[in-house]
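A.B. asks: Structure of the sequence below:
(one chain, ligands or ions: 2)
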Amino acid sequence: MKQYLELLQDILDNGVAKSDRTGTGTLSVFGRQFRHNLDDGFPLLTTKKLHFKSIANELIWFLSGDTNTRWLKENGVSIWDEWATETGDLGPLYGAQWTAWPTRDGGTINQIDYVIDCLRNNPDSRRILFHAWNVEFLPDEKLSPQDNVRAGRMALPPCHLLYQFYVANGRLSSQLLIRSSDSFLGLPYNTASLALLTTMLAQQCDLEPGEIIICTGDSHIYSNHLEQVREQLSRSPTTLPRLEILRRPASIYDYRFEDFSLSGYHPQPHIAAPVAV
Ligand SMILES: Nc1nc(=O)c2c([nH]1)NC[C@@H]1CN(c3ccc(C(=O)N[C@@H](CCC(=O)O)C(=O)O)cc3)CN21
Ligand SMILES: O=c1ccn([C@H]2C[C@H](O)[C@@H](COP(=O)(O)O)O2)c(=O)[nH]1
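C.D. replies: Ligands and ions are numbered 1, 2, ... in the order given. Next up is the predicted model:
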């Protein structure tokens, strides 16, 4: 993932010091894009060890429509704990908007079903996308995540916002807009998650995985991640792992962590960093 390391270097070289909601402070650039061909391997960083289980289970959790951390915790994932209420609630964020976007007549729309239907029946459509920016439920930036949840809003507004898909020559590509990107902690997760989702959708729709493209808006490095970023940039990327899906689940909603087999993942050691809440 040379492209990812180049983005980190770009932020170090060109970033402007900006304050942010969490009070941590960042170096930030605006509007960047990188791409990765899934034929070249699964884009899980080799320059630091990533917890693939957190990434895969978070995606399975989103697709299930769940917005409570209980299932995540039961499955070894703690990355959402800081934003949840004492009962584990996060408000109507990703999973709710992806699979049960509320309609004015009291019903819901499953945007993932729509994407699968397009990929199978209208793959040349230029409208194959889903997104989570449901303005009615966005949090009030002046309130804490937990107080927003208690008011029926999302704990955090979506960061990975808009997923668009494209089919050509039997290959499925995807492009993701991330409005705000924690480039050291969040972006490696978002990149691997997009690659995994694209591979799962390709399997469900009899397509081959193509390219993934990541577009980041406010692309930042938190001031308390600078040492970690420099450590990572001193390392050289090695061969990417390969992802195999061991069975074909009945639908996009039926994948389990055990279905994913990652081979050849030999990362350099984990680099710990505090998450900005
Ligand atoms: N500041 C911030 N950055 C994010 O990336 C982020 C948020 N907030 N809030 C919502 C979600 C939660 N996400 C997170 C949260 C924590 C880690 C994190 O601490 N990762 C550690 C390992 C933790 C683990 O997998 O158990 C890492 O070293 O990658 C990653 C993504 C992505 N999002
Ligand atoms: O999937 C995710 C979720 C969150 N982030 C990061 C981006 C920002 O650092 C924070 C969100 O804060 P805002 O003030 O709402 O922008 O979380 C991410 O990179 N990826």
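
A.B. asks: Tell me where the chain has strands.
C.D. replies: 16-18, 26-37, 101-102, 108-109, 129-131, 160-168, 171-182, 208-222, 242-245, 260-263 (DSSP state E).

A.B. asks: Give the full set of residues in contact with the residue in the stretch 151-277 of the chain that ligand 1 sits nearest to.
C.D. replies: Residue nearest to ligand 1 within the stretch 151-277 of the chain (CB to the nearest ligand atom): Gly186, separated by 2.4 Å. Every residue, glycine included, has its C-beta placed from N, CA and C. Contacts for Gly186 (CB atoms under 8 Å, 6 or more residues apart in numbering) come out as 159, 178.

A.B. asks: ok, now with 6 Å
C.D. replies: Taking CB atoms under 6 Å, 6 or more residues apart in numbering, we find Gly186 in contact with no residue.

A.B. asks: swap in Phe42?
C.D. replies: Applying CB under 6 Å, 6+ apart, we find Phe42 in contact with 240-241, 243.

A.B. asks: What is the neighbour count of Lys2?
C.D. replies: Residues near Lys2, counting by other CB atoms under 10 Å, number 11.

A.B. asks: cool, and Arg35?
C.D. replies: 12.

A.B. asks: what's the answer for Gly107, then?
C.D. replies: Neighbour tally, Gly107, other CB under 10 Å: 9.

A.B. asks: what do you get for Pro237?
C.D. replies: Pro237: 16 surrounding residues under other CB under 10 Å.

A.B. asks: can I assume it is in contact with Thr46?
C.D. replies: Yes: look at Pro237 against Thr46 with CB atoms under 6 Å: they come within range, at 5.2 Å.

A.B. asks: Report the contact partners of Ser19.
C.D. replies: Applying CB under 6 Å, 6+ apart, the residues near Ser19 are Gly25.
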